[in-house]
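Engineer: Here's a sequence, model it:
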Amino acid sequence: MKTKRELIIVGDRVLIEPDEKIDKTDAGLFLPPTVKEKDKIMSGRIIKIGPGYPVNDPSVILEEPWKQRNTEPIKYIPLQAQEGDYAFFLKDTGIEIEFEGRKYLIVPHSALVALIRTSLVEDEDDRRF
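Structural biologist: Predicted coordinates for the structure are as follows:
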């Protein structure tokens, strides 16, 4: 019997695979790691996202354990980020983890400063046929 492990991201967090490419200048000089440590912004590909911001539902009141609870699922406001987006985020907010031999960062959605989303668009020349 095999087991399958899945990393589940909770709340308003995103799982990012950071860009770890070697930095060098246009002239071909390699930058030392101390230069990269001073950067306040990092970037990487979004691998997974959490369900979003939970909606404060007044019907869900967690008072006493013996009281009957509302069995409706929690509602969420979805995140703007999507899986596959390329994100720029504040470096100090990320929590580094290692899962199945790969390094990732878990970042709150509020720490994202910009997203690049790639999509396919139909060329006008393709529509004629």
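
Engineer: switch to C-alpha atoms for all contacts and neighbour counts from now on
Structural biologist: Noted.

Engineer: show me the residues around the nearest residue to residue 90 once chain neighbours are set aside that make contact.
Structural biologist: Counting by Cα to Cα, 6 or more residues apart in numbering, residue 41 is the residue found nearest to residue 90 once chain neighbours are left out, at 4.8 Å. Residue 41 makes contacts with 88-91, as judged by Cα atoms under 8 Å, 6 or more residues apart in numbering.

Engineer: what's the least confident helix or strand in this structure, going by average pLDDT?
Structural biologist: Here the helix or strand of the chain ranked lowest by mean pLDDT, DSSP states H and E is helix 33-37, holding a mean of 58.

Engineer: Give the rounded mean pLDDT of whatever helix or strand comes next after it.
Structural biologist: Using DSSP states H and E, the helix or strand that follows helix 33-37 in sequence is strand 41-49. Strand 41-49 carries an average pLDDT of 94.

Engineer: List the buried residues of strand 41-49.
Structural biologist: Within strand 41-49, the residues that count as buried by 16 or more other Cα atoms under 10 Å are 42-49.

Engineer: Equivalent analysis for stretch 5-20, please.
Structural biologist: 11-18.

Engineer: Throw the residues you listed into CSV and include distance to residue 80 and pLDDT, thanks.
Structural biologist: Shown next, in CSV, are the buried residues of stretch 5-20 (distance: Cα to Cα, whole Å; pLDDT from 0 to 100):
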residue, distance to residue 80, pLDDT
11, 13, 92
12, 10, 94
13, 11, 96
14, 11, 97
15, 14, 97
16, 15, 96
17, 18, 95
18, 19, 92
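
Engineer: Now, those that are in strands?
Structural biologist: Residues of these located in strands (DSSP state E): 13-18.
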